[in-house]
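**Q** quick one, fold the following:
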Amino acid sequence: MPPSPSDSSPDMDPRSGYCASTRTFYSLRAAPPSPPPPPDAPLSFPAFALSFLPTPLPSPLAASRPALVDAGTGESVPLPAFLSRLRALAAALRARLRLGPGDVAFVLAPAGVHVPVLYYALMSVGAVASPADPSLPAAEVSRLLALSDPRVAFAVAGTRGKLPPGLPTVLLDSPTFLSFLHEPEDAAVVRQSDPVVVRQSDPAAVLYSSGTTGRAKAVVLTHGNLMASNVTRAPAAGETLMLAVPLFHVYGFTFCLRAASAAHTLVLPAARRRFDAAAVLGAVERFEVTRLALAPPALLAIVRAAEEDAAAPARAASLQAVRCGGAPVAADLIARFSRVFPGVSLAQGYGLTETTAGFCRAVGEEESARVGSVGRLSWGAQVKVVDPETGAALPPGVAGELWVRGPFVMKA
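**A** Here you go, the predicted model:
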């Protein structure tokens, strides 16, 4: 990616980041305190994310704080247990399933505390995590399998029947998988004697996006893509983040990867077919959630629930911020949210599966208060607005097609 023009360049608008000579908008965000290493340095996303953990780990009392919580069952996993399970599962994936660099693992399971551990473990051995919607019919699952060509699948008893009998499958709710979370001697030998080399350009995930065509496409995201996307938005330690979005979608996928890197608590959504606003607000109260990530339909349901139950906002007093993405949020809905949740900031973002989630985000109260805005370009982003017919770059204020470039853009 070419360097951005200097902030002092006469062609650069210091307010918008637009450069007249290149007809490109450049991000005005400051570089993160710990940006990703040079692209040619061998490094996996899990290794990069875990490098941000404090050394040594927090005191036993602080370490007992959950890293993962299942909002439906209440099951929790403290950070030391998360790290122990990650190491054990990674070793078992190599020793028992013989998974290695480039092997695709299809994941067809609802959200739960095992899923983030599985994502991390797969990527740490160079395998490729490929999650899909567990509610899909078998015919659509078959189409996705044809796109990603997995070597193994991870499912649960309720989704196993949607997978072809010839595909090796491990059930997350089986004794076999639970045994993988406790490292056997042979797995330890494999892990210690033959370390895996993962490059930032290697694929880390295959996600599925229907885009505007209505038919799912496979999107390959690299370890470097995930590093660039996550390094710009890690919350402070001590936060409790709740996801009200699915973990197979790029929105939930990237957010759930932040569980370990920021040493905060991640509350995972309960396995339900329909969004339950009352249950989410109850989980906010029960787990003292400070930040909530959801999509506009869920935001509307939350607002309606709070309007019908005047005591609901008081019970969710721990909530400080809501992040909303996936579709535009109407100005009227924003106003209604502000009335029932005064003092809680509502920030929007914009992105694609192909850009490893959001490359535009509202950061801070001032940006979040701009109704109708999805914020500023994230660090490293470059954008052009072009005429969709001619491909010619357009000046500021003219509507057109958005072209984006940056270290978070999918592998071609």
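
**Q** center of the protein, which residue is that?
**A** Centroid-nearest residue in the chain, with C-alpha atoms, centre = their mean: Thr254, separated by 1.1 Å.

**Q** can you give me the strands for the stretch 51-200 of the chain?
**A** Taking DSSP state E, counting those that start in this stretch to define them, one finds strands in the stretch 51-200 of the chain at 66-70, 76-78, 104-108, 128-131, 152-155, 169-171.

**Q** what packs against the third one?
**A** Looking back up the chat, that one is strand 104-108. Applying 3 or more C-beta pairs under 8 Å, 6 or more residues apart in numbering; DSSP states H and E, we find strand 104-108 packed against helix 114-124, strand 128-131, helix 138-148, strand 152-155. In short, each C-beta sits where N, CA and C put it, glycine included.

**Q** CSV please, covering these and showing distance to Pro388 and mean pLDDT.
**A** Formatted as CSV, these follow (distance: least, C-beta to C-beta, whole Å; pLDDT from 0 to 100):
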stretch, distance to Pro388, mean pLDDT
helix 114-124, 36, 97
strand 128-131, 31, 98
helix 138-148, 27, 96
strand 152-155, 39, 98
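
**Q** of the strands of the stretch 51-200 of the chain, which is nearest Ala293?
**A** Evaluated over the strands of the stretch 51-200 of the chain, closeness to Ala293 peaks at strand 66-70, with 14.5 Å, by C-beta to C-beta.

**Q** contacts for the closest one, please.
**A** Residues outside strand 66-70 that contact it (C-beta atoms under 8 Å, 6 or more residues apart in numbering) are 75-79, 81-82, 111-113, 116-117, 259-260, 263-268, 270, 287.

**Q** how about the strand or helix carrying Ala314: buried residues?
**A** Here Ala314 sits within helix 312-315, counting by DSSP states H and E. Going by neighbour count (16 or more other C-beta atoms under 10 Å), the buried part of helix 312-315 is 312-313.

**Q** check stretch 391-404 too.
**A** 400, 404.

**Q** now do the same end-to-end measure for it.
**A** One end of stretch 391-404 sits 13 Å from the other (C-alpha to C-alpha, to the nearest Å).

**Q** run through who's touching it.
**A** Stretch 391-404 is touched from outside by 13, 16, 18, 23-25, 355, 359, 381-388, with contacts defined as C-beta under 8 Å, 6+ apart.

**Q** by neighbours, which of those wins?
**A** When neighbours are counted by other C-beta atoms under 10 Å, Phe359 leads the contacts of stretch 391-404 with 30 neighbours.

**Q** make sure that one is indeed in a strand.
**A** Yes. When classified by DSSP: H, G, I helix; E, B strand; the rest coil, Phe359 is found to be part of a strand.

**Q** what sits against it?
**A** Contacts of Phe359 by C-beta under 8 Å, 6+ apart are 350-351, 377-378, 381, 404, 406, 408.

**Q** for Tyr350, see how far away it is.
**A** 7 Å (C-beta to C-beta, to the nearest Å).

**Q** in the longest helix seen in the chain, what's buried?
**A** Criterion DSSP state H: the longest helix present in the chain is helix 79-95. For helix 79-95, the neighbour count (16+ other C-beta under 10 Å) marks 79, 81-95 as buried.

**Q** repeat that for stretch 34-41.
**A** Buried positions in stretch 34-41, judged by neighbour count with 16+ other C-beta under 10 Å: Pro36.

**Q** does anything pack onto the longest helix of the chain? Which helices or strands?
**A** Going by 3+ C-beta pairs under 8 Å, 6+ apart, helix 79-95 lies up against strand 66-70, helix 114-124, helix 175-180, helix 185-193, helix 258-261.

**Q** hmm, back to that, report the secondary structure state of the residue nearest to the centre of the chain.
**A** helix.

**Q** which residues does it contact?
**A** Applying C-beta under 8 Å, 6+ apart, the residues near Thr254 are 226, 229-230, 356-357.

**Q** one more time with 7 Å, if that's ok
**A** Thr254 makes contacts with 229-230, 356-357, as judged by C-beta atoms under 7 Å, 6 or more residues apart in numbering.

**Q** could you do Val250 as well?
**A** Residues near Val250 by C-beta under 7 Å, 6+ apart: 207, 353, 356-357.

**Q** now distance to Phe48, pLDDT and neighbour count too, for those residues, in JSON lines please.
**A** Listed next are the contacts of Val250 as JSON lines, based on distance: C-beta to C-beta, whole Å; pLDDT from 0 to 100; neighbours: other C-beta atoms under 10 Å:
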{"residue": "Leu207", "distance to Phe48": "19", "pLDDT": "97", "neighbour count": "25"}
{"residue": "Thr353", "distance to Phe48": "21", "pLDDT": "92", "neighbour count": "22"}
{"residue": "Thr356", "distance to Phe48": "14", "pLDDT": "91", "neighbour count": "29"}
{"residue": "Ala357", "distance to Phe48": "17", "pLDDT": "88", "neighbour count": "29"}
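
**Q** from those, which land in helices?
**A** Judged by DSSP H, the subset of those located in helices is empty.

**Q** want to throw those into TSV with distance to Ala153?
**A** Output for the contacts of Val250, formatted as TSV (distance: C-beta to C-beta, whole Å):
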residue	distance to Ala153
Leu207	16
Thr353	21
Thr356	24
Ala357	24
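
**Q** just those now: which is nearest Ala121?
**A** Leu207 (17.7 Å).

**Q** isn't the closest one up against Ala216?
**A** No. If you go by C-beta atoms under 7 Å, Leu207 and Ala216 don't touch, sitting 9.7 Å apart.

**Q** hang on, the earlier thing: for Ser338, state which of the buried residues of helix 79-95 is nearest.
**A** Distances from Ser338 to the buried residues of helix 79-95, taken by C-beta to C-beta, are shortest for Leu79, at 34.6 Å.

**Q** leaving aside the residues next to it on the chain, what's closest to that closest one?
**A** Of all residues not flanking Leu79 in the chain, Ala67 sits nearest, at 4.3 Å (C-beta to C-beta, 6 or more residues apart in numbering).

**Q** residues near the one you found, how many?
**A** 23.

**Q** distance check, it against Pro46.
**A** From Ala67 across to Pro46, the span is 14 Å (C-beta to C-beta).

**Q** over to Pro137?
**A** To Pro46, Pro137 is 33 Å away according to C-beta to C-beta.

**Q** neighbour count for these two, which is higher?
**A** Remark: of Pro137 and Pro46, Pro46 carries more neighbours, 24 against 8, as counted by other C-beta under 10 Å.

**Q** mind showing which ranges of this protein have poor pLDDT?
**A** 1-10, 57-63, 183-193, 211-213, 232-237, 259, 262 (pLDDT under 70).
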